[in-house]
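Student: what would the 3D arrangement of this be:
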Amino acid sequence: MAVRIRLTRLGRKKKPFYRIVVADAERSRDGKFLDVIGTYDPLKDPIAIKIDHSKLEDWIGRGALPTTTVKSLLKKAPAAE
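Tutor: Here you go, the predicted model:
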């Protein structure tokens, strides 16, 4: 089972809001997921990215791979405290 760290879309039409989730690679974008590790709100100024770094490190340690979009968001996210 390949596990990916990716975005799932919430919000309404023209008002996107995303969760950063850990899901099986074969599941649909908005399908079942294993864990929620953060949120991304592109409509805020500046954009709002919140990540639970302990969960992120745990899932990466287990072999979960982030998508290219999530990789770029992780670089923009504030550092762990």
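
Student: so where do the strands sit in the chain?
Tutor: Along the chain, the segments classed as strands by DSSP state E run 3-12, 15-24, 35-41, 48-51, 65-66.

Student: right, and those strands - which one's nearest Ala79?
Tutor: Closest to Ala79 of those is strand 48-51 (C-beta to C-beta; 10.1 Å). Bear in mind the C-beta positions are built from the backbone N, C-alpha and C, glycine included.

Student: can you name every helix or strand that the closest one contacts?
Tutor: When contacts are defined as 3 or more C-beta pairs under 8 Å, 6 or more residues apart in numbering; DSSP states H and E, strand 48-51 packs onto strand 35-41, helix 68-76.

Student: how much space between Arg29 and Glu57?
Tutor: Distance, Arg29 to Glu57, by C-beta to C-beta, to the nearest Å: 24 Å.

Student: re the thing from before, tabulate the strands of the chain (JSON lines), appending distance to Pro78, mean pLDDT and mean neighbour count.
Tutor: Output for these, formatted as JSON lines (distance: least, C-beta to C-beta, whole Å; pLDDT from 0 to 100; neighbours: other C-beta atoms under 10 Å):
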{"stretch": "strand 3-12", "distance to Pro78": "17", "mean pLDDT": "94", "mean neighbour count": "16"}
{"stretch": "strand 15-24", "distance to Pro78": "14", "mean pLDDT": "95", "mean neighbour count": "18"}
{"stretch": "strand 35-41", "distance to Pro78": "11", "mean pLDDT": "95", "mean neighbour count": "18"}
{"stretch": "strand 48-51", "distance to Pro78": "7", "mean pLDDT": "94", "mean neighbour count": "16"}
{"stretch": "strand 65-66", "distance to Pro78": "17", "mean pLDDT": "94", "mean neighbour count": "16"}
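
Student: this completes my enquiry, with thanks.
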